[in-house]
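Asker: got a predicted structure here, sequence first:
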Amino acid sequence: MRVSMKVDGVTYEDEVEPRTLLTHHLRDGLGRVGTPIGCDTSNCGSCTVSIDGESVKSCSVLAVQAAGADITTIQGLAEGSEWHPVQKAFQQHHGLQCGYCTPGMIMASVDLLTRNPSPTEDEVRHGLEGNLCRCTGYQNIVKAVLSAASELRGEGPIAGSFRDADEPVPATSGASS
Amino acid sequence: MIPAQFDYVAPTTLAEAIAALGAAGEDAKILAGGQSLIPVLRLRLAFPTTLIDLSRVSELRGVGEDGDVLVIGAMTKHSDVIEDPLVRQYAALLSEATSTVADPAVRHRGTFGGALAHADPAGDLAAVALALDAELVAEGPGGRRTIAAKDFFVDYLETSLSPDEILAAVRIPKLTGDWGVRYEKFNRVAQAWAIVGVATAVRTEGGSIAEARIGLTNMGSTPVRPHSVEAALVGASTREQVVAAAASAADGTNPPSDLGAKADYRQHLARVLTARAVSQAAGITS
Ligand SMILES: Cc1cc2nc3c(=O)[nH]c(=O)nc-3n(C[C@H](O)[C@H](O)[C@H](O)COP(=O)(O)OP(=O)(O)OC[C@H]3O[C@@H](n4cnc5c(N)ncnc54)[C@H](O)[C@@H]3O)c2cc1C
Ligand code: FES
Ligand code: FES
C-alpha cells in the first residue's frame, strides 16, 4: 500500500506492507533509528512516539494505520541544536544510564507535561507507568520530569545533579524534587 | 517479531465495514485500537487473512445521549472515555475504571468496544459493563440487535457476537440520584492487569445503602455479578454490615490459578476488595 506520513516535519511517501509495524517503518523504512524497540509485548514503552499529538507505542500501531498522520519522534524534539527542555532535564538530572529507554521515556514525559503542566511526583510516576527502565531506578527520571515541568512553566529548572562547569547554578524554585 | 501477512482494509462507514467483513471470509478480523490484537499478531498467535480497520469509521466514535441512556461508540478511545463529561456525570464508574487500564500510550489507542469484544476476563471494563447493566449494540448483515451485558460475555475471550457482526455501540443506563462509585483494582506492579478487580456503584438514602451494583474482574472466565451480595447490602450503614454482606462475594466463583495468584487467594481478595469498594462508594467509614 502507498502510505504517506509526516515524520519530524518531513513528509514521506512509501510502499508499505500492511503487516509492517510503525516502529519498523520508522527504523527500517525511513532510517529514523532514534526510536528503539525494547520488547515484543507492548510493555516497555521504549518505542513511544507522538501521533497527531498523542503518545503511542509505535510497536503496537501498523504503519498503514498512521497514513496521513503527523508523527514526532525523539529526533524531532530539538529545535535545531537547542534541546527540548525535557531532553535537557534528563541530561542535567542524570535521568538515564544505558539510554535505551530514554527516547520513549522522554516522549512519554513530553506528552504528560502537555496534559498536566504541574504534575506531582506521584502523577509523574503514574504518567510514566507504560515506560520501563532497567537502569536508573526511576528516581532521577522523576526528578528530571519535575525539573522540566518547572522550566516549561517559566519557573526555571530545579537545581540539578549535573551541570556544565560554565553554567550558572539555577535558583531553586518552589517545586520540590 | 513481524506479524504474518494479511490484507488490510480501512472502510469509512459501518455499512462498508460490515460488507468488508462479510466479503473477507471467516478468517478476517476487526482491528480496533490494536492494543490487544497487534501484540497477538506480533507474537504470531493469530493468523487472520484480512484485517478490517475501524479507526476511520467516525460514526463509531464519541459519546451521546438517548434519553436516560448514555450511548458510547465502540471506537471511543479509553483516553476519550476518561475525559468525557457525560461519562463522568452519568457513568463515573466507567471513567474511574478506564483510568486504571494499562498506561497513557495504550489508552490513546485502545477502545472501549475493543476491550469488551476482546472479553479478557482480566480486563477491567467488562465488569463495569455488567455492573451498570450495559447493553451492547451489534450490527451485521442481518441488521442490528441489542445484547445485554450478562448475555454478551460467554467464556474466556468469547462473546455472543457472531463472526459477521461488529460491536457498534454500548448503551449504559444513566445513574441519576445519590450514587457513589469505586473501582478497586488489585495488582502488584504498575501497568499490570488486575489480579482481581471490583467495580461498584452504590446508591445511598439517609446514610444507608438503598441499592448496590457489583461486577467482579478476573474471578472466572467471564465477569461475575454477585447478586446475593447486592441484595445483602441493602440497608447496610456500617462498615461491619458491609463486611458481613461482602463475605459471600466469592461464593460460586471459579477464578483462575496462575502466576498472579492462586484461586483461593483470589477468592479472599474478592471478599476484601468488595467490602473496601462498597464502603468507599457509599462513604461508609466506620
Ligand atoms: C501493555 C498493555 C497493558 C494493558 N493493560 C490492560 C489493563 O490493565 N486492563 C484492561 O482492561 N486492558 C488492558 N490492556 C488491553 C487494552 O484495554 C486494549 O485496548 C483492549 O483490550 C482492546 O481494545 P482495542 O481497541 O485495542 O482492540 P483490538 O486489539 O483492536 O481488538 C481486540 C479484539 O476485539 C475484536 N474487536 C475489536 N473491536 C471490535 C468491534 N467493534 N466489533 C467486533 N470485534 C471487535 C478484534 O477483532 C480483536 O479480536 C492492556 C494492553 C496493553 C498492550
Ligand atoms: S517496543 Fe516495547 S512497548 Fe514497543
Ligand atoms: S537507562 Fe537503561 S533502561 Fe533506562
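Answerer: Everything's here; your move. Ligands and ions are numbered 1, 2, ... in the order given.
Asker: identify the bridge partners of the closest residue to ligand 1 within the stretch 151-286 of chain B.
Answerer: Ligand 1 sits closest to residue B:167 of the stretch 151-286 of chain B, with a gap of 3.6 Å, by Cβ to the nearest ligand atom. All C-beta atoms are positioned from the backbone trio N, CA, C, and that covers glycine. Bridge pairing for residue B:167 (DSSP bridges) gives the partners residue B:138.
Asker: domain boundaries for the chain, per the record?
Answerer: Answering for chain A, as no chain was given. When chain A is parsed with automatic domain parsing, its domains come out as A:2-76, A:85-152.
Asker: should've been chain B
Answerer: B:7-53, B:62-172, B:179-282.
Asker: and the end-to-end length of the second one?
Answerer: What it means is domain B:62-172. For domain B:62-172, the separation between the terminal residues is 14 Å (Cα to Cα, to the nearest Å).
Asker: look up how far ligand 3 lies from the residue of the stretch 151-286 of chain B closest to ligand 1.
Answerer: 38 Å (Cβ to the nearest ligand atom, to the nearest Å).
Asker: neighbours of the residue in the stretch 151-286 of chain B that ligand 3 sits nearest to, how many?
Answerer: Relative to ligand 3, the nearest point of the stretch 151-286 of chain B is residue B:190 (15.0 Å; Cβ to the nearest ligand atom). Using other Cβ atoms under 10 Å in any protein chain shown, residue B:190 has 13 other residues around it.
Asker: ok, and the closest non-adjacent residue to residue B:207?
Answerer: residue B:237 (5.4 Å; Cβ to Cβ, 6 or more residues apart in numbering or on different chains).
Asker: is stretch B:259-275 positioned near ligand 1?
Answerer: No - against ligand 1, stretch B:259-275 shows no contacts by Cβ under 6 Å from any ligand atom, the least distance being 11.9 Å.
Asker: just to revisit the earlier point, now the domains of chain A as TSV including mean neighbour count, mean pLDDT and distance to residue B:155?
Answerer: Output for the domains of chain A, formatted as TSV (neighbours: other Cβ atoms under 10 Å in any protein chain shown; pLDDT from 0 to 100; distance: least, Cβ to Cβ, whole Å):
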stretch	mean neighbour count	mean pLDDT	distance to residue B:155
domain A:2-76	20	97	24
domain A:85-152	21	97	29
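Asker: so which of the domains of chain B gets nearest ligand 2?
Answerer: Across the domains of chain B, closest to ligand 2 is domain B:62-172 (Cβ to the nearest ligand atom), at 8.1 Å.
Asker: verify the stated contact: residue B:175 with residue B:88.
Answerer: No - using Cβ atoms under 8 Å, residue B:175 is not in contact with residue B:88, being 11.3 Å away.
Asker: of the two, who's got more company?
Answerer: Neighbours per residue (other Cβ under 10 Å) separate residue B:175 from residue B:88, with residue B:175 holding more: 20 against 14.
Asker: list phi and psi for the more buried one.
Answerer: The phi/psi pair for residue B:175 (degrees, to the nearest 10) reads phi -90, psi 110.
Asker: also residue B:214?
Answerer: With angles defined as degrees, to the nearest 10, residue B:214 sits at phi -130, psi 140.
Asker: next one: residue B:231
Answerer: Per degrees, to the nearest 10, the backbone of residue B:231 is at phi -70, psi -40.
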